[in-house]
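Undergrad: What shape does this take:
(chains A and B)
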Amino acid sequence: MSRHRVKAVSYDEDDFDDGYDSPDPEEQEFLQQCTTEVLNQLRAGDPPVTATRDEVQEALWHYYNDVEKSVNYLRNKKTKEVKKKQPVPAPVPAAKAKTGAVPVYPVPLSPSASSAAHFSAADFFRDAPWLNIPAHRKADILVEPLYPRLGLLGGAPESGGKVSKLAALAAARKKKEGEKASTPTPTPTPEAEKPQSSPSEQKGTPLSLRERLASNAKPQKPLEGLQSLRSLGKGSRLGSPSPQKKASPEPTKQNSPEVVVQSIPEPPVPVDQEQEEASVNIRAPPSTFASTIVGDATRPKMTEPSHLCANTLDLIKIYGQDFAEPFDFAGPSPDDVVLNAQSSAKAASKSGDKKSQAGLTEGMNNLGVEEKVNVKSKNLDVLSEYQKSQRKKAMNFAVIGHVDAGKSTLMGRLLADLKAIDQRTLDKYRKEAEKIGKGSFALAWVLDQGSEERARGVTIDIATNKFETEKTVFTIVDAPGHRDFVPNMIAGASQADFAVLVIDSGTGNFESGLKGQTKEHALLVRSMGVQRIIVAVNKMDSVEWDQDRFDEIEQQVSSFLTTAGFQAKNIAFVPCSGISGDNVTRRSDDPNVSWYKGRTLIEELEATEPYSHAVDKPLRMTIGDVFRGSVQNPLSISGRMDAGSLQVGDQILTMPSGEKATIRSLEVDGEPSDWAVAGQNVTLNLVNIDPIHLRSGDVICRASAPIANVTSFTCKVLAFDHLLPSMVDIHRGRLHVPGRISQLVATLDKVTGASIKKKPKIVAPGTVARIVVEMDQAVPLEAPTRIVLRAGGETVAAGLLE
Amino acid sequence: MRLIKNKIEHNASGTVTLCPEEPEDMWHAYNLIRPNDLLRASAIRRVTTTQETGSTSSARVHLMLEIRVKNLDFDPQSSQLHVSGTIVNETAHTKIGQHHTLDLELNRNFTLEKEVGADGEGVGWDSIAVQMLKDAVDEGGNRRAEAVAVVMQEGLAHICFIGQFQTILKQKVEMSVPRKRHGGGDHDKGMSKFFQVTLDTLLRQLEFNPSSTALTSNETVRPVLLASPGFVAAGFQKYIQSVASTTTPALKRLLPSIVVVHSASGYLHSLAEVLQSPAVKTILADTKYARETRLMDDFLEQLRKETNKATYGPREVESAVDQGAVGRGGGLLIISNRLFRSQDVAERKRWVSLVDRVRDIEGGEVRVLSSDHESGRRLDGLGGVAALLTFPIVDDIEDDE
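TA: As a prediction, this is how the structure comes out:
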């Protein structure tokens, strides 16, 4: 509160610290004295113990320089350590093994008498009527034993190598118990170690609860006097419908604190049977449950062991752990266990304080709410695997064009004719399409899977589909033609090696398309680096395969495409009809088409040369979609790899979130694979990441070569519209972010790239300019990347990041 | 804002007492109050007293404090204005020179004094400030024309309130919607989830009471503009309709005020396009926003058509004014009010004098755009000032460099 008080406190603290830190010479001297004293006493003591000075000093520190206590402590500690060092002998001599095997727990030998007073379940249930269920009604009870599992709930996975200390302790204890079981049932009294009951035999025989109770006690003679007690319950039992009422032995009963003595193994030993025959018993045999609870020994014995004996199961045996089992005090008491564990832990910590601390921090690091999934990497050399693999050449192509040019229908036709889609599905689509009055859209439904797309008859988002020819695996990227979905088209085109431009040859439609998306799409794919373009002049059937119309379109489009930057040799024209299938996969047999001698669409596709991809560059992949793959793979991402390679088990970094993830498995073109390289369409099933960090448009890379998140970049663009400082949308594949042109640096010469005019007020369409773009959010972008700038629903510029 | 007392002297110094009534008034106050002004308002201050024994006690006291403004902090989301400065009046609990931050509150008067020093070091109530004051205390009563716009695309929605002077982005809804896939209904599921979240957020922002008892209430509902590329907005409207007809009948009240508009993208800067669409124009016929947006569009159009008859950027515009190009007969100076908010007195004086010169000497027209509107932001991108010229001038500035 008040200032001066605070000051005073701080002053005191300073004083205190000073005294504490620097060792007082007087104290030091006293400590030396004590140390030598302790060492002397230890050496003089019986047995003589040696300890290092450091240990002694530490002990003294803990006991506040009390010599006597320190000596005691050190002696105990040392003797224990010596004991521990003794080799563990095989468990043959039982008594010896006991002391030798578990020196960690100094076991107090329990007096046998103490176990005599135990409560017996057999006595308690002795006269319950349900103990005598007729034998034929007994059921076979088979219960899966509940083995105590190692490890802790929710702790480290069992497969994970490291076990916690507590788990280790539990394991040690269990092991010890196992040892104990292999020796005769731990009875310290000599009577229990009868020669006839060899350890293995004892282990094998099922022991009932009662037998266990009894086994600890001294064998006693049956008490005849109890028979009268037993007869009390007889009345009810007499009526029990037992088919074979045989003379069964009178069970030895007692109400006295002394324990029943019958160490009869199952099946009953003949000696006991003789005893049993002595008396006649008309009671029915007990139920399985009863015998399970009470044990065979106590139940009325049959003269001969019947097959029903097989029914007798020992519940306790089944469950492995007997909670009602009287504690034989042969093992260490719980307190001892704790104390021993503590002392050993203390010893460990003293011997290697640093080591344990490191372990502790490691343990802390391993703590987490989520369970990490470890995926083993095969550590393949992906590049050499890739070279070795004999795959067909694979290519992606984007299908672009104005809205309603028939892109989806043409591709649907291609897939149907190449049997990439079966006839039944097609018929189903046809029927459904006719039902809503859009019969001509049936083929497009192959690619337009969305409910909205079908209802409206327009492609909204890109659809990918795969088909194979003899030489090549093609992946169609069917792009939407509507101007509102150009962002989706950009995403599709960024995955393409080449493009198929579909043009509606219908009167008026071609002209409107050329002003619309035919032009925009062609410019976009060119500015995204697509070199080759196949122009499919579609709907030729609607103009009766008019050659003049085709020539007119060819002439106009090719002149436009050459100005857009396509080389003439990379442009091909095919007149075709998607709805009828002419010139798509088969040559048209329409006589009107006889003038066309060129290749069909599929032949043109196959004539395309594959492109090489930067497989040896650092990994880059733009996420196309984030989805729930299946139950096994709750988080999957898909996309086309831009550069580099990856394999199962790799750790990847997602940008801009900067989160790490592990690839659990991956698919290449829908087929499971161990690795993937650039150019392939992959689906990655990820683990160890929250889906919130993944968005379509994010980039995947490696932590060793991450892609930088930038908020501003300079780029060289070709303007399609007037450029001035304004708001724009920035597109790069799936990535779509708002930004603004903050600066027009210069207009450039198209050929030489030299600056023509610095700081222009406005950049006219068709000129090349260098501009600075700023964004509000950090976005993963790096040079050289092709970007598209749009504003107001129109593409204003496209260019290359610098 | 209500004007309580007005004592502005001829030499532009003087005091004004104002009472803010609605959240947007805070934005006006933010524009009116400048550093070095004197602001008097009620305040709550924690006063700590130390007894002779050293024990301390603290109490919260209500005070009338007058501070010399040092800094302003405006939070457009919640329309809160915090003004910090040093205390200039002595009270029982405070000393002169102590610092205090005044939180201006609605319906609590504050008095603002602007001084012009003996040698004119202060700006006082200059023409811009007076104009702002007039805007702020608009007695016409047609200020309330407000709309709510939801600009959206797949997995992204911006909910914003369009006021007279500012557009406030209230909330952004962003969700990852799975793309369409073969045989997967994930996309539709994702979309309806997205619609649901967007609707919930919208209703919360509207403070719309969706309980059935509110069905009969006569509370007016502001127009709600749904804008998107493609069919997202239409789908959202359909979703609202289906919700209204099934689970939440109270939503029926909202339905008539919904207008679906096309926009190029789901980002906020598409609002300009939304505001220009014919459907919206009929609703928000003459809001300041719509006027400003049209003005900016005109300017950009002019710039495209004839590069030399429109210019932008501080130096370019000043040079154009110097050449007399922003004068009578079509000269138009467009200036963002961000420039007047400058901390630097000289900077503010520079722009005020430019505005005065164009308006009074050259005879041109001056429009001050709110930087909190989308159009103002566009103008800010151009350097905050632009001009339509009466004759083309050769921009020789670049050549000098």
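
Undergrad: can you count the residues close to residue B:17?
TA: 16 (other CB atoms under 10 Å in any protein chain shown). Every residue, glycine included, has its C-beta placed from N, CA and C.

Undergrad: And it, how close does it get to chain A?
TA: Distance of residue B:17 to chain A, computed by CB to the nearest CB, to the nearest Å: 39 Å.

Undergrad: likewise residue B:76?
TA: Per CB to the nearest CB, residue B:76 is found 15 Å from chain A.

Undergrad: In terms of pLDDT, where does the closest residue to that residue other than its chain neighbours sit?
TA: Counting by CB to CB, 6 or more residues apart in numbering or on different chains, residue B:168 is the residue found nearest to residue B:76 once chain neighbours are left out, at 5.5 Å. Note on residue B:168: pLDDT of 81.

Undergrad: same for the host helix or strand of residue B:273, what does it pack against?
TA: Assigned by DSSP states H and E, residue B:273 belongs to helix B:271-276. Counting contacts by 3 or more CB pairs under 8 Å, 6 or more residues apart in numbering or on different chains; DSSP states H and E, helix B:271-276 packs against strand B:147-153, strand B:156-162, strand B:224-228, helix B:288-305, helix B:374-381.

Undergrad: now with 10 Å?
TA: When contacts are defined as 3 or more CB pairs under 10 Å, 6 or more residues apart in numbering or on different chains; DSSP states H and E, helix B:271-276 sits against strand B:147-153, strand B:156-162, strand B:167-174, strand B:224-228, strand B:258-262, helix B:278-283, helix B:288-305, helix B:374-381.

Undergrad: now the third one against strand B:147-153, angle please.
TA: What it means is strand B:167-174. Interaxial angle, strand B:167-174 versus strand B:147-153 (axes from the mean of the first three to the mean of the last three CA atoms, to 10 degrees): 30 degrees.

Undergrad: Please name the strands paired to strand B:167-174 in the sheet, noting orientation.
TA: Paired neighbours of strand B:167-174 in the sheet (DSSP bridges): strand B:156-162 (antiparallel).

Undergrad: any idea what sits nearest the most centrally placed residue in chain B, other than its immediate chain neighbours?
TA: Among the residues of chain B, the one closest to the centroid is residue B:166, at 2.6 Å (CA atoms, centre = their mean). Excluding the flanking residues, the one nearest residue B:166 by CB to CB, 6+ apart is residue B:372, at 3.5 Å.

Undergrad: which residues does that neighbour contact?
TA: With contact taken as CB atoms under 10 Å, 6 or more residues apart in numbering or on different chains, residue B:372 is in contact with B:24, B:27, B:30-31, B:74, B:76, B:163, B:165-168, B:336-338.

Undergrad: hmm, try it at 7 Å
TA: Counting by CB atoms under 7 Å, 6 or more residues apart in numbering or on different chains, residue B:372 makes contact with B:27, B:76, B:165-167.

Undergrad: Next: residue B:325.
TA: By CB under 7 Å, 6+ apart, residue B:325 lies in contact with B:331, B:389-391, B:393.

Undergrad: most surrounded residue in the residues you listed?
TA: Highest neighbour count within the contacts of residue B:325: residue B:389, with 24 neighbours (other CB under 10 Å).

Undergrad: How about stretch A:434-454, which residues are buried there?
TA: Neighbour-count burial for stretch A:434-454 flags A:438, A:441-450, A:452-454 (criterion: 16 or more other CB atoms under 10 Å in any protein chain shown).

Undergrad: Go back to those residues and keep what's next to chain B.
TA: Filtering these for neighbours of chain B using CB under 7 Å from any CB of the partner chain leaves A:449-450, A:452.

Undergrad: how near is the residue of chain A found nearest chain B to residue A:494?
TA: Ranked by CB to the nearest CB, the top residue of chain A for proximity to chain B is residue A:793, at 3.3 Å. Note on residue A:793: its distance to residue A:494, by CB to CB, to the nearest Å, is 19 Å.

Undergrad: For those two, indicate the residue with more neighbours.
TA: A count of neighbours by other CB under 10 Å puts residue A:494 above the other of residue A:793 and residue A:494, at 28 against 17.

Undergrad: Now do the contacts for the residue nearest to residue B:76.
TA: Each residue near residue B:168 by CB under 7 Å, 6+ apart is listed here: B:76-77, B:160-161.

Undergrad: tell me which of the residues you listed is nearest to chain A?
TA: Chain A lies nearest to residue B:160 out of the contacts of residue B:168, by CB to the nearest CB, at 13.8 Å.

Undergrad: what sits against that closest one?
TA: Residues in contact with residue B:160, defined by CB under 7 Å, 6+ apart, are B:149, B:167-170, B:268.

Undergrad: Neighbours of residue 29, how many?
TA: In the absence of a named chain, chain A is used. By other CB under 10 Å, 10 other residues sit near residue A:29.

Undergrad: Let me rephrase: I mean chain B.
TA: By other CB under 10 Å, 23 other residues sit near residue B:29.

Undergrad: Check which helix or strand it maps to.
TA: Residue-wise, residue B:29 maps onto helix B:23-32 under DSSP H and E.

Undergrad: Give me the contacts around that helix.
TA: With CB under 7 Å, 6+ apart, helix B:23-32 has contacts from B:1, B:20, B:72, B:74, B:79-81, B:104, B:112, B:129, B:132-133, B:135-136, B:163-166, B:337, B:341, B:372.

Undergrad: Please apply the same query to stretch B:343-361.
TA: Residues outside stretch B:343-361 that contact it (CB under 7 Å, 6+ apart): B:35, B:123, B:126-128, B:318, B:321, B:326, B:333, B:335, B:339-340, B:342, B:364, B:366.

Undergrad: Tell me the residue of chain B that sits nearest chain A?
TA: Closest residue of chain B to chain A, CB to the nearest CB: residue B:264 (3.3 Å).

Undergrad: Most distant residue from the centre of chain B?
TA: residue B:53 (52.8 Å).

Undergrad: what about that residue, which SS state?
TA: Using DSSP: H, G, I helix; E, B strand; the rest coil, the structure places residue B:53 in coil.

Undergrad: Tell me the pLDDT of it.
TA: In this model, residue B:53 carries a pLDDT of 86.

Undergrad: Angles on the backbone of it, please.
TA: Dihedral angles of residue B:53 (phi, psi; degrees, to the nearest 10) stand at phi -70, psi -10.

Undergrad: can you pick the most crowded of the contacts of residue B:168?
TA: Busiest of the contacts of residue B:168 [other CB under 10 Å] is residue B:160, holding 22 neighbours.

Undergrad: How about the residues of chain B by chain A?
TA: Counting by CB under 7 Å from any CB, the residues of chain B near chain A are B:50, B:54, B:56, B:176, B:178-182, B:186-188, B:229-231, B:264-265, B:267, B:269, B:273, B:303-304, B:307, B:311, B:378, B:381-382, B:395, B:398, B:401.

Undergrad: picking that back up, for the contacts of residue B:160, which one is nearest residue A:735?
TA: residue B:268 (18.0 Å; CB to CB).

Undergrad: hang on, isn't that closest one packed against residue B:152?
TA: No: the pair residue B:268 / residue B:152 is not scored as a contact, 11.0 Å apart, by CB atoms under 7 Å.
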